[in-house]
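J.: Build me a model from this:
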Amino acid sequence: MCAAILVGEKMASARNDHLMKQRSVIEFLTAKGCSAVVIHKRMKAVYGDACLTEGKVRKWAIFYRGEDPKETTVRDRKRPGRPVSATDTMHQQKVDEMIVANRRVKQKDIANALDISKERVHHIILVHLGYRKVSAKWVLRQLTVEMKAQRKTICTQLLERFTHDGEHFLKSIITGDESWVHHYDPESKMQSMQYRHKNSPAPKKFKVVASARKVLLTIFWDMEGIVHIEFLEQGTTINSEKYVSTLCALKGRLRRVRQDKVKDVVIQHDNTRPHTSRQTQCALQQLKLPTIPHPPYSPDLAPSDFFLFPLLKKHLKGNHYETDAEVEADVCSWCRSQTPKFFADGMRKLVQRWRLCIEHDGDYVEK
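T.: Next comes the predicted model:
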């Protein structure tokens, strides 16, 4: 038994000596600047199967280089490498010049002209130059310099009044407008989206136009909700006489549902002919319904146009109605279902649009 212990101790001592020799070799070659892979290959040729593994050689090489093993990484260290040529300052300037010269220029045309890849052109445009390609927005008409100045002036006046009177000014505004409501208005592509598996056939949507049968809706509302709704009778048209009768009905409605604000109310409507005729102006004076100025061709500054009507018609899209009464009932039901907060939020957006119109020097406000 003692002999076996002595033999085991001798073998352990031999392994330690063998290990120390290999570690000495690793230390020596590391000092010479050899990489761990080269050191392992050279040691393998000498020690054969008794050689340390490549992983252990790498570990001891790191140790002898004086590095912290915890901070080592498998990623390559930064090195000069090939200099950047496709996205340098010169190419960025040339791409910018081509875009300024032609705002509709295609990326492949830029890539061919500068002899660089389309991917690098895309990177320069988005990352370095900060461009984005947007489509044009349809607007009512092209505003002249005078129209823009008028829009800016009116928005400045209204914003100053809001700054002075605060929320009380918004609460006094009753906005009104007219809009056609169809018996059938096809739903949009976004509304018809469906969940499908990737292998399922894509659904098809056929082009359908709105129905010819329609009803003209006239609506007045404020921050608390709907004040007055009426629908145009078949065979009649909106003219000054009809609009005056609507204003008379609105005045009577105000006495019933807004008793506390009848004296402070102001009307906000657009500049269509029935709204601005002499007969209408005289009726507004007799009914003691002052108005706030509204610039021409400005649906983006009318709360009914940019807020109420789009949401109402989104609700009506895709529904089929047989009679005018069904359309009218659904419109009234939807309006009654909205909370005062809904209408208050819509009116507060008007203040945001006044500010944006001023910032854009009177140009149209998109959102």
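J.: quick one, domains of this structure?
T.: Per automatic domain parsing, the structural domains of the chain span 18-71, 89-128, 145-190+207-359.
J.: gap between the first one and the chain center?
T.: Okay, so that is domain 18-71. Chain-centre distance of domain 18-71: 58 Å, with Cα atoms, centre = their mean, to the nearest Å.
J.: Could you point out the helix or strand that follows the lowest-mean-pLDDT helix or strand in the chain?
T.: Ranked by mean pLDDT, DSSP states H and E, the helix or strand of the chain with the weakest confidence is helix 2-31, at a mean of 71. The first helix or strand that comes after helix 2-31 along the chain, using DSSP states H and E, is helix 36-47.
J.: Check which residues of that following helix are buried.
T.: 36, 39-40, 43-44 (16 or more other Cβ atoms under 10 Å). No exception for glycine: its C-beta is placed from N, CA and C like everyone else's.
J.: Wait, residue 202 touches residue 192, no?
T.: No: the criterion here is Cβ atoms under 8 Å, and residue 202 misses it with residue 192 at 11.7 Å.
J.: which one of the two has more residues nearby?
T.: Here residue 202 and residue 192 are compared on neighbour count by other Cβ atoms under 10 Å; more neighbours surround residue 192, at 12 against 7.
J.: Assign a three-state SS to that one, would you?
T.: In the three-state summary, residue 192 is assigned as coil, counting by DSSP: H, G, I helix; E, B strand; the rest coil.
J.: Now it: phi and psi?
T.: The phi and psi values for residue 192, taken as degrees, to the nearest 10, are phi -90, psi 10.
J.: all strands of the stretch 51-200 of the chain, in order?
T.: Ranges of strands within the stretch 51-200 of the chain are 173-182, based on DSSP state E, counting those that start in this stretch.
J.: Point out where it drops to low pLDDT.
T.: 67-84 (pLDDT under 70).
J.: Helices of that one, residue ranges please.
T.: Along the stretch 51-200 of the chain, the stretches classed as helices by DSSP state H, counting those that start in this stretch are 54-64, 89-101, 107-114, 118-123, 145-165, 167-172.
J.: what about these, which gets the closest to residue 358?
T.: Distance to residue 358, taken as Cβ to Cβ, is lowest for helix 145-165 among the helices of the stretch 51-200 of the chain, at 5.3 Å.
J.: So what touches the closest one?
T.: Helix 145-165 is contacted by residues 143, 169-170, 292-298, 301, 351, 353-355, 357-358, 361-363 when judged by Cβ atoms under 8 Å, 6 or more residues apart in numbering.
J.: Filter the residues you listed down to the buried ones and hand me the PyMOL line.
T.: Command for PyMOL that selects the buried part of these, burial taken from 16+ other Cβ under 10 Å:
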select buried, resi 143+169+170+292+294+295+297+298+301+351+353+354+357+358+362+363
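J.: Which of the contacts of helix 145-165 fall within helices?
T.: Members of these lying in helices (criterion: DSSP state H): 169-170, 351, 353-355, 357-358.
J.: Out of these, the closest to residue 66 would be?
T.: Relative to residue 66, the closest of these is residue 355; by Cβ to Cβ it sits at 62.7 Å.
J.: Give me the distance between that closest one and residue 155.
T.: For residue 355, the distance to residue 155 (Cβ to Cβ, to the nearest Å) stands at 8 Å.
J.: for residue 169, same thing?
T.: 14 Å.
J.: What is the neighbour count of residue 100?
T.: Residue 100 has 9 neighbouring residues, counting by other Cβ under 10 Å.
J.: OK, contacts around residue 228?
T.: Taking Cβ under 8 Å, 6+ apart as the criterion, residue 228 is in contact with 176, 218-220, 246, 249-250, 253.
J.: Which of the residues you listed fall in strands?
T.: 176, 218-220 (DSSP state E).
J.: how about residue 178, what does it touch?
T.: Residue 178 makes contact with 216-219, 232, 238, according to Cβ under 8 Å, 6+ apart.
J.: now for these, which pair is the farthest apart?
T.: Taking Cβ to Cβ as the measure, the contacts of residue 178 reach their widest spread between 219 and 238, a distance of 13.1 Å.
J.: Looking at the two, which one has more neighbours?
T.: Applying other Cβ under 10 Å to residue 219 and residue 238 shows that residue 219 carries more neighbours, namely 22 against 16.
J.: tell me which element the residue nearest to the more buried one when sequence neighbours are not counted falls in.
T.: By the measure of Cβ to Cβ, 6 or more residues apart in numbering, the closest residue to residue 219 outside its immediate chain neighbours is residue 229, 5.2 Å from it. According to DSSP H and E, residue 229 maps onto strand 225-231.
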